[in-house]
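**Student:** got a predicted structure plus its sequence, pasted below:
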Amino acid sequence: MQSKKTTLLLIKILERIISDKTTHSSWLNTLSFLEYIGTRKMLKSLPAHSLNETLLEHINEESRHSLFFKRLAKKVSGKDLSFHEHEMLCSKQAESYFQQIDQKSKTLSRSNTILNYLYTTYIVELRATLVYSIYNKILERNDFPFTVNCILKEEEKHLETVMYSIKKLDPFSEQNFEEIKEYEHQIYFTLLRNLEEEVFKHSQSNTVKVQTLSKNHQPLYPQEQHP
């Protein structure tokens, strides 16, 4: 699911992201947006009679994760960020990624609502743990004042529960796991390429802004004139 090629590309992108505050805050805001999509998806798709303690706990968890990343985005940027496109990275592509996974899961689950939810959750959270793990290491290596360790641990713990439930409900789970992993890898790589392009544009744009400000900056005090 995570080839060496995609891992190296992700590391390259994340290194560039953390080097610029505006880009970094947009990245964190995008992660918040994706966690919010997960929450919204569950609330819209799961019937009320199916909402047991475990499912409600997961809805709460996704909502907390969204808030966690939103607060980090504010910490990095120094201001509140909305889910407007210009304050995120590849938001449309990221949402499309989520929807494509959900549609594939629907097919594999033969329109069983609970199985659909489980497969979507499994594959999205599996990818999230891989991305968060690499991102976390980069944050630690660069001595950032925060990490995503707490989120990572919760995602890993929840994955085990979801996998157990899928195997219990779906006799074709092993075959379906392989199929959805292969499908996800393809669309994830496309998303990664889009993210690389977007991050590069962000970095270039912010560099130009800084250079412009530097050129137009007038000193508060006139420089000393030497004879």
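**Tutor:** Structure received. Residues are numbered from 1 along each chain as shown.

**Student:** residue contacts, His65?
**Tutor:** His65 makes contacts with Ser32, Glu35, Ile151, Glu154, as judged by CB atoms under 8 Å, 6 or more residues apart in numbering. Where C-beta positions appear, they are placed from N, C-alpha and C, glycine not excepted.

**Student:** measure it to His58 for me?
**Tutor:** Distance of His65 to His58, computed by CB to CB, to the nearest Å: 10 Å.

**Student:** what's the answer for Met163, then?
**Tutor:** For Met163, the distance to His58 - CB to CB - is 14 Å.

**Student:** out of those two, which sits in the more crowded spot?
**Tutor:** His58 (22 against 15; other CB atoms under 10 Å).

**Student:** tell me the pLDDT of the more buried one.
**Tutor:** Predicted confidence (pLDDT) at His58: the value is 90.

**Student:** what does Tyr221 give?
**Tutor:** Value listed for Tyr221 in the pLDDT field: 29.

**Student:** contacting residues around the residue nearest the centre of the chain?
**Tutor:** Closest residue to the average C-alpha location of the chain: Leu31 at 3.6 Å, with CA atoms, centre = their mean. By CB under 8 Å, 6+ apart, the residues touching Leu31 are Phe69.

**Student:** same thing but 10 Å
**Tutor:** 65-66, 68-70, 72-73, 88-89, 94, 128, 131-132, 135, 148, 151 (CB atoms under 10 Å, 6 or more residues apart in numbering).

**Student:** close enough to count as contact, Leu191 and Ser91?
**Tutor:** No - taking contacts as CB atoms under 10 Å, Leu191 lies outside contact range of Ser91: 11.2 Å.

**Student:** buried set for stretch 134-153?
**Tutor:** Ile134, Tyr135, Asn136, Ile138, Leu139, Val148, Ile151, Leu152 (16 or more other CB atoms under 10 Å).

**Student:** biggest separation within those residues, which pair?
**Tutor:** Spatial extent of those (CB to CB) is set by the pair Ile138 and Ile151 at 14.8 Å.

**Student:** before we move on, the earlier item: tell me the one of the buried residues of stretch 134-153 nearest Gly78?
**Tutor:** Once CB to CB is applied, the member of the buried residues of stretch 134-153 that ends up nearest Gly78 is Leu139, at 18.3 Å.

**Student:** now that closest one, nearest residue through space, not along the chain?
**Tutor:** Nearest residue to Leu139, sequence neighbours excluded (CB to CB, 6 or more residues apart in numbering): Thr147, at 5.3 Å.

**Student:** what sits against that neighbour?
**Tutor:** Thr147 is in contact with Tyr132, Tyr135, Asn136, Lys137, Leu139, Glu140, counting by CB under 10 Å, 6+ apart.

**Student:** from Ser63, how far out is it?
**Tutor:** 21 Å.

**Student:** for the residue nearest to Leu139, which three-state class applies?
**Tutor:** Secondary structure assignment for Thr147 (DSSP: H, G, I helix; E, B strand; the rest coil): coil.

**Student:** report pLDDT for it.
**Tutor:** 96.

**Student:** quick one, phi/psi of it?
**Tutor:** As for Thr147, its main-chain torsions (degrees, to the nearest 10) stand at phi -140, psi 180.
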